[in-house]
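**Student:** Following is a predicted model, sequence given first.
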Amino acid sequence: MKLTINTTKYILLGLALCFSLASPARAVPINLTTASPLFLGDIYPGVPNSPGDRLNYTNHLIGLAAPTTGNVFDGQTYDRSSNIFASLPTAVGADMGGNGTADLTLSMNFTYLLQKYDGSNGGYLVWDISSLAAGTMITVPDTAFGFTPNAYSLYNPGTGGGPSVPEGGMTMVLMGMALAGLGLFRRFFLA
């Protein structure tokens, strides 16, 4: 069985199509804002700023009815958004986060993101990110309370999360190769 130039062109075209479909997907970041349906509320002034304090602030905000404005507790003022959530489990676990902004790609599923703005003068914005899957890129506002972000906390690691992000590139390559193989089989052995 000798391959002709036309057959070779079709095979190369099919392979090129398969590999072009296998290029990695470009994820579009989820912009978390105070207008986002994931926004839980804000806390200010957010001092003191220890990991235990941040956990307590988050849990108090979770316990407020939507919407609540100006709730003062333990030296903090809490504003709960009007967004309704199916369930808001208690924030637990280590304070997994870092310094700076929470513009990041989630390494695993988390339930809450708490973003701190300025050290001792600003406050916190909190989002329920339980519907976001690992691999989701998120961005937070550049300013809040008149300050820039300087630290963030992620709570309840390994919980929540929407469906996992599918890896479609290799699937498309394998499907394309299978279809090309069936086409060649049909052409040369059933003709």
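**Tutor:** That came through fine. Fair warning: this is a prediction, and the values are worked out from it, not measured in the lab.
**Student:** does Asn99 really touch Lys116, like I thought?
**Tutor:** No. Assessed by C-beta atoms under 8 Å, Asn99 is found out of contact with Lys116, at 9.4 Å. C-betas here are computed from N, CA, C, even on glycine.
**Student:** Those two: which has the busier surroundings?
**Tutor:** A count of neighbours by other C-beta atoms under 10 Å puts Lys116 above the other of Asn99 and Lys116, at 26 against 9.
**Student:** so what's the more buried one up against?
**Tutor:** For Lys116, the contacting residues are Gly46, Asn49, Arg54, Gly122, Gly123, Tyr124, Pro149, Asn150, Ala151, Tyr152, Ser153, taking C-beta atoms under 8 Å, 6 or more residues apart in numbering as the criterion.
**Student:** and the nearest residue to it once chain neighbours are set aside, helix, strand or coil?
**Tutor:** Residue nearest to Lys116 in three dimensions, not counting chain neighbours: Ala151, with 4.2 Å by C-beta to C-beta, 6 or more residues apart in numbering. Put simply, Ala151 is strand when judged by DSSP: H, G, I helix; E, B strand; the rest coil.
**Student:** Can you list the residue ranges for helices in this structure?
**Tutor:** 5-21, 51-62, 168-189 (DSSP state H).
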